[in-house]
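A.B. asks: pasting the structure only:
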């Protein structure tokens, strides 16, 4: 006697995310063909860089619950590593960018060993102090490694930053359209970073991170090693953050201590808050919206930080889940109303004696 079992089809929770990623990637690939402005292409490239940074920051802060403010330190490590290798050792910028990602991982492990045994606000304060210390160290870098006097060249360039360390070589290949090449490099970095985010968030590691974030006591009692898992996610996310730093350096062909400044920190935090902290697509949405807002505020430089502060307060008070959270609530409400209407229609069909879907299928099979 054989028992026939109905096959079950389980759709992966990550499937819609991959479809969204493929759709956005397709739009991103064809977008340069419809844009003639070099400035617009440069701004789009910058958007992709910031979206990469905040997508990884969202894993650390939004999913793993680590209130770290050292993400820009990792970004700077990646950018400065690529720039230093290119300037002093003639390293190809593609290789320098990858090595910048590896250097950011090493830096994240050092920061993680020092900070992740703390909790909550203490992690935020210590990581912010590390970021400010790095900013001051670069600004006060006056030790000459090449030349002296007016020809003195410091390791990090000091407050002037580093320049003349090369780029990805698209100027020789594409001429004045070399920005398009940088754009595709940044798009590739964002696509890989988001793919990594999907794998982490929708996989077993994601459940561990969410458990630690939502109820650390229960998670630890269940056998989840808080320190181990948080150190892992801190290191994993650092790689793509460092990659973004290398892409930034190669795109602008200069990098300085301003990447560690408070205005940029506030700008990126605004992206997280506006998009939706703890939402997979929140950072990308937030980065797009804040880049548009920042473009409008460029004519009012003195009010830029004030405007960003007002936006953060507005979303914290009225939309704490961000734009992505609002979209998620609206879509759930719509699906609920749609399901309720289908339920009403099904009950009316039953009252009127009309066969339902399965019954209609069986009747048609019997008639045939």
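C.D. replies: Nice, thanks for sending it over. Just so it is clear, the model here is predicted, and its values are computed rather than measured.
A.B. asks: so where's the chain uncertain?
C.D. replies: Along the chain, the parts satisfying pLDDT under 70 run over 1-14, 147-151, 335-368.
A.B. asks: which parts of it are strands?
C.D. replies: Chain-ordered strands for the chain, with DSSP state E as the definition, fall at 144-146, 153-154, 162-163, 254-255.
A.B. asks: what ranges does the stretch 51-200 of the chain have for its helices?
C.D. replies: Using DSSP state H, counting those that start in this stretch, the helices assigned to the stretch 51-200 of the chain run over residues 71-89, 93-115, 121-139, 170-174, 178-202.
A.B. asks: dump those helices into TSV; add mean neighbour count and distance to residue 54 as well.
C.D. replies: To be clear about C-beta, it is placed using only N, CA and C from the backbone, and glycine gets the same treatment. Listed next are those as TSV, based on neighbours: other CB atoms under 10 Å; distance: least, CB to CB, whole Å:
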stretch	mean neighbour count	distance to residue 54
helix 71-89	26	8
helix 93-115	21	15
helix 121-139	17	16
helix 170-174	13	25
helix 178-202	21	10
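A.B. asks: out of the strands of the chain, which comes closest to residue 116?
C.D. replies: Among the strands of the chain, the nearest to residue 116 by CB to CB is strand 254-255 (27.4 Å).
A.B. asks: ok, the closest one: who's next to it in the sheet?
C.D. replies: Using DSSP bridges, the strands paired with strand 254-255 are strand 162-163 (antiparallel).
A.B. asks: rewinding a little: take the helices of the stretch 51-200 of the chain and lay them out in a markdown table including distance to residue 218.
C.D. replies: Listed next are the helices of the stretch 51-200 of the chain as a markdown table, based on distance: least, CB to CB, whole Å:
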| stretch | distance to residue 218 |
| --- | --- |
| helix 71-89 | 28 |
| helix 93-115 | 23 |
| helix 121-139 | 20 |
| helix 170-174 | 51 |
| helix 178-202 | 20 |
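A.B. asks: tell me which of the strands of the chain is the most buried.
C.D. replies: Highest mean neighbour count among the strands of the chain (mean count of other CB atoms under 10 Å): strand 254-255, with a mean of 22.
A.B. asks: before we move on, the earlier item: mind checking which of the strands of the chain is nearest residue 124?
C.D. replies: strand 254-255 (25.3 Å).
A.B. asks: list of residues touching the closest one?
C.D. replies: Identification of contacts with strand 254-255 by CB atoms under 8 Å, 6 or more residues apart in numbering yields 76, 79, 80, 83, 161, 162, 163, 245, 248, 249.
A.B. asks: of those, closest to residue 38?
C.D. replies: Proximity of those to residue 38 (CB to CB) peaks at residue 248, which lies at 17.4 Å.
A.B. asks: still on that earlier bit, turn the contacts of strand 254-255 into CSV, including distance to residue 143.
C.D. replies: Formatted as CSV, the contacts of strand 254-255 follow (distance: CB to CB, whole Å):
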residue, distance to residue 143
76, 19
79, 20
80, 15
83, 17
161, 16
162, 15
163, 19
245, 23
248, 25
249, 21
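A.B. asks: separation between the nearest residue to residue 329 once chain neighbours are set aside and residue 226?
C.D. replies: Excluding its sequence neighbours, the residue lying closest to residue 329 (CB to CB, 6 or more residues apart in numbering) is residue 321, at 7.4 Å. Residue 321 is 25 Å from residue 226, where distance means CB to CB, to the nearest Å.
A.B. asks: same deal with residue 286?
C.D. replies: 28 Å.
A.B. asks: those two: which is more packed in?
C.D. replies: residue 286 (30 against 18; other CB atoms under 10 Å).
A.B. asks: how about the contacts made by that one?
C.D. replies: Neighbouring residues of residue 286 by CB under 8 Å, 6+ apart: 54, 270, 271, 272, 273, 274, 275, 276, 322, 323, 324.
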